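Asker: compute the structure for the input listed below.
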Amino acid sequence: MTAIATDSVHQDNSYSHLPNKLARAANGIDYAYRDTGPNAGGGVPLVLFQHFRGNLDSWDPALIDALAAARRVVTFDNAGVGGSSGTTPDTVEQMAHDAIAFIAAMDFAQVDLLGFSIGSFVAQQVALTRPGIVRRLILASAAPQGAAGMHGWAADVIGAVGTPQTSPEEYIGVFFARSPASRQAGQEALRRMYARTQDRDTATSWATREAQYDAVCTWGIPNHALLQRLGCLQMPVFVANGDSDPMILPHYSYLLAGLIPQASVKIYPDAAHGFLFQHHADFAADVEAFLREPG
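Answerer: Numbering: from 1, shown residues only. As a prediction, this is how the structure comes out:
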């Protein structure tokens, strides 16, 4: 692995102050990533896969800091996304191969994966393609490939998060529920995400948006046979979502859990696509408990 710090040394290890680094992989891609937690020198790391159009700064620092309280956590931009080089592929399968290349570049023999939204699609494909490297799998706001009703997102959803310029109000409208409490949580999460004013990650491009949405639509072409692939997964899997997610409906969480032999599911109340930011403390505690389970 070739890791290059692209930032000065910061005052602490909170996610908001982590340096941006680059890892050169065998596929020729330089992957932008951040690395935090008490076990930055060993142990099974938790690698996070980001949502549609998201980059390193689209993670809520409160969530990352809570997850990193007990273990090493690595966030990264997949090929062509944000600060990583290359071109964003238009299939989940190629995104998974690119993610595997990043994991190899980091010299990780085995990882725990947390995939969020489109990142959960990629995480599923990584676990199917290279099961030996995935110890445990967390799927947040997720759906299986081939599920009916996932061929593209509803017009109001893609109209909010898929336009060239999106607003905080549109983001909150999809990632958080309609209640005052959830919307307040959304405003607080955005403040945390934008608190970092220097050395922010490169914004994702329109080409990335187009490629990722092509991948989402292809993943969502109804195909009952593809659902059966998930029976191959033998590692423990934790599936989670918010009860009011308009982007990936909660019933897909139950579908996933029913298809995966060792899966458990939790739906968080008064929350939407960004439930893991709204309920960051509870979700991080649930993830830590899951990762510590024997077996």
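
Asker: quick check: buried residues in stretch 217-234?
Answerer: Residues of stretch 217-234 classed as buried: W219, G220, L227, L230, L233 (neighbour count, 16 or more other Cβ atoms under 10 Å). Yep, even glycine has a C-beta here, placed from its N, CA and C like the rest.

Asker: so the first one touches G152, yeah?
Answerer: In this case it means W219. No - using Cβ atoms under 8 Å, W219 is not in contact with G152, being 10.2 Å away.

Asker: any chance of the buried residues of stretch 217-234 in JSON lines, plus pLDDT, secondary structure and distance to G274?
Answerer: JSON lines is the format used below for the buried residues of stretch 217-234 (pLDDT from 0 to 100; DSSP: H, G, I helix; E, B strand; the rest coil; distance: Cβ to Cβ, whole Å):
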{"residue": "W219", "pLDDT": "97", "secondary structure": "helix", "distance to G274": "20"}
{"residue": "G220", "pLDDT": "97", "secondary structure": "coil", "distance to G274": "20"}
{"residue": "L227", "pLDDT": "97", "secondary structure": "helix", "distance to G274": "26"}
{"residue": "L230", "pLDDT": "97", "secondary structure": "helix", "distance to G274": "25"}
{"residue": "L233", "pLDDT": "97", "secondary structure": "coil", "distance to G274": "25"}
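
Asker: farthest-separated two in those?
Answerer: Within these, two members stand farthest from each other by Cβ to Cβ: G220 and L233, at 19.6 Å.

Asker: using the three-state scheme, assign L114.
Answerer: With DSSP: H, G, I helix; E, B strand; the rest coil as the basis, L114 sits in strand.

Asker: okay, and the beta partners of it?
Answerer: In this entry, L114 is beta-bridged to L48, I138, by DSSP bridges.

Asker: who are the neighbours in contact with it?
Answerer: L46, V47, L48, F49, L67, A123, I138, A140, V287 (Cβ atoms under 8 Å, 6 or more residues apart in numbering).

Asker: and the two most separated of the residues you listed?
Answerer: L67 and A123 (15.1 Å).

Asker: who's in contact with P89?
Answerer: By Cβ under 8 Å, 6+ apart, the contact list for P89 reads A79, G80, M95, D98, A211, A215.

Asker: packing partners of the host helix or strand of the fifth one?
Answerer: It stands for A211. Using DSSP states H and E, the element containing A211 is helix 206-219. Where contact means 3 or more Cβ pairs under 8 Å, 6 or more residues apart in numbering; DSSP states H and E, helix 206-219 is packed against helix 92-105, helix 118-129.

Asker: deepest-packed of those, please.
Answerer: For those, the largest average neighbour count (mean count of other Cβ atoms under 10 Å) is found in helix 118-129, namely a mean of 24.

Asker: which helices and strands does that one pack with?
Answerer: Counting contacts by 3+ Cβ pairs under 8 Å, 6+ apart, helix 118-129 is packed against strand 46-49, helix 92-105, strand 111-116, strand 134-140, helix 206-219.

Asker: tilt between that helix and strand 134-140?
Answerer: For helix 118-129 against strand 134-140, the angle by axes from the mean of the first three to the mean of the last three Cα atoms, to 10 degrees is 150 degrees.

Asker: next, the angle strand 111-116 makes with helix 118-129.
Answerer: 140 degrees.

Asker: quick one, helix 118-129 and helix 206-219 angle?
Answerer: Using the same axes, to 10 degrees: helix 118-129 against helix 206-219 is 60 degrees.

Asker: going forward, the N-terminal residue is numbered 7.
Answerer: All right, first residue 7 from here; so that's helix 124-135.

Asker: helix 98-111 and helix 124-135, what's the angle between them?
Answerer: Using the same axes, to 10 degrees, helix 124-135 lies at 80 degrees relative to helix 98-111.

Asker: and the helices in the stretch 157-301 of the chain?
Answerer: Taking DSSP state H, counting those that start in this stretch, the helices of the stretch 157-301 of the chain run over residues 161-167, 174-181, 186-199, 212-225, 230-233, 257-265, 281-284, 286-298.

Asker: neighbouring contacts of the first one?
Answerer: It refers to helix 161-167. Here helix 161-167 has contacts from F58, R59, G158, T172, E176, Y177, G179, V180, Y219, P252, M253, using Cβ under 8 Å, 6+ apart.

Asker: closest one of these to D66?
Answerer: Of all the contacts of helix 161-167, D66 sits closest to Y177, with 12.2 Å by Cβ to Cβ.

Asker: next up, the contacts around that closest one.
Answerer: Taking Cβ under 8 Å, 6+ apart as the test, what Y177 contacts is A166, V167, G192, L196.
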